[in-house]
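1. okay, structure incoming, though there's no sequence with it:
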Ligand SMILES: Nc1ncnc2c1ncn2[C@@H]1O[C@H](COP(=O)(O)OP(=O)(O)OP(=O)(O)O)[C@@H](O)[C@H]1O
């Protein structure tokens with residue numbers, strides 16, 4: 001009796017390479033009349049990674065995010081979301097962007113309507129929209145705010161409602177732009193715990209380096225439109241010389257007197 005070879009052949013789906021969640025290839029971008037904000041930036045983000053994007057004010061973090069979700073058009077280079085090209089001007093529900101200020105994201109008469117906006121634009125049935133809104137409100141702990149006008153909420157409540165609006169589209173990749181800005185200590189702690197449990201691929205642009213240390217398993221340092229360093233958050237952010245050379249400070253928790261003592 002001959003033995004059947006059960007090993008996959010290269011045409012089997014199991015054999016196909018798994019695409020990265022995000023691939024950025026030779027990305028260059030300049031705002032009209034300005035020098036390049038991003039120059040020949042290339043990076044790969046694997047599915048499930050949590051990546052902090054750090055760099056001084058104006059180094060291009062928000063610009064990178066708006067390119068990644070197709071709001072801006074690159075001057076050169078390409079972006080792929082799970083192997084599919086991100087086309088500028090097209091709606092890509094697979095990637096969600098949390099704006100730096102939740103006020104830029106919330107505009108409906110009620111929290112429920114705001115969270116429903118994305119799923120409605122995806123052409124889902126009213127039943128499916130309602131299910132997604134409910135799920136997103138539960139995940140973000142904002143279900144009791146559903147009937148409230150968003151502009152009457154506190155900054156922290158607005159932030160969680162804005163996150164609910166993104167989660168309702170069930171993106172596989174979420175780009176968080178300064179998610180802890182203007183949050184008080186308790187709300188920031190809740191946000192960190194929420195991000196630590198989030199199942200999506202995360203990119204977090206932040207000046208809150210302690211948040212990045214607590215949530216991310218990789219960090220990318222940007223300056224002058226280029227990637228300066230990419231790797232382990234403790235190694236990169238713990239390198240005082242590197243951090244100071246690019247206008248940043250080593251996080252307090254990585255100062256030697258606070259590190260655990262080993263004999
Ligand atoms: N719409 C725009 N038109 C022209 N220039 C812009 C525009 N948006 C941003 N810029 C410029 O592009 C550069 C990068 O800005 P960007 O907002 O991407 O930086 P950032 O790293 O997110 O900054 P921050 O840490 O302050 O949020 C800055 O010099 C900024 O002034």
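-> On my side now, so go ahead. This one's a predicted model, so the numbers in the text were calculated from it and none came from an experiment. Residues are numbered from 1 along each chain as shown.

2. C-alpha from now on. contacts and neighbour counts both.
-> OK.

3. please identify the helix or strand for the most centrally placed residue in the chain.
-> By C-alpha atoms, centre = their mean, the mean C-alpha position of the chain lies nearest to residue 175, the distance being 2.0 Å. Per DSSP states H and E, residue 175 falls inside strand 173-177.

4. do that strand and the ligand meet at all?
-> No - for a cut-off given as C-alpha under 6 Å from any ligand atom, strand 173-177 has no contacts with the ligand; the smallest distance is 7.7 Å.

5. strand partners (parallel or antiparallel) of that strand?
-> Looking at strand 173-177 with DSSP bridges, its partner strands are strand 95-98 (parallel), strand 201-205 (parallel).

6. the ligand contacts on the protein?
-> Close to the ligand, as judged by C-alpha under 6 Å from any ligand atom, the chain has residues 31, 37, 56, 57, 58, 59, 60, 61, 62, 63.

7. please report phi then psi for the closest residue to residue 240 other than its chain neighbours.
-> Excluding the flanking residues, the one nearest residue 240 by C-alpha to C-alpha, 6 or more residues apart in numbering is residue 250, at 5.4 Å. Torsion angles at residue 250 (phi, psi; degrees, to the nearest 10) stand at phi -60, psi 130.

8. list the contacts of residue 250.
-> 237, 238, 239, 240, 243, 244 (C-alpha atoms under 8 Å, 6 or more residues apart in numbering).

9. and the last one, how far is that from residue 134?
-> If I follow you right, that is residue 244. 45 Å (C-alpha to C-alpha, to the nearest Å).

10. what's the answer for the third one, then?
-> From residue 239 over to residue 134 the distance is 44 Å, taken as C-alpha to C-alpha.

11. ok, these two, which is more surrounded?
-> Between residue 239 and residue 134, residue 134 has the larger neighbour count (other C-alpha atoms under 10 Å), namely 19 against 15.

12. pretty sure that one sits against residue 142.
-> No - here residue 134 does not reach residue 142: they are 9.5 Å apart, not a contact under C-alpha atoms under 8 Å.

13. where along the stretch 51-200 of the chain do the helices fall?
-> For the stretch 51-200 of the chain, the helices defined by DSSP state H, counting those that start in this stretch occupy 61-68, 111-121, 126-139, 155-167, 185-197.

14. ok, which of the ones you listed comes nearest residue 223?
-> Residue 223 lies closest, by C-alpha to C-alpha, to one member of those: helix 61-68, at 9.5 Å.

15. for that closest one, what is the distance to the chain centroid?
-> 10 Å (C-alpha atoms, centre = their mean, to the nearest Å).

16. just stretch 236-245 next, same as before
-> 23 Å.

17. one step back: wait, the residue nearest to the centre of the chain sits on residue 67?
-> No - contact criterion C-alpha under 8 Å: residue 175 and residue 67 do not qualify, at 11.1 Å.

18. low-scoring pLDDT stretches of the stretch 1-150 of the chain, where are they?
-> 1-17 (pLDDT under 70).
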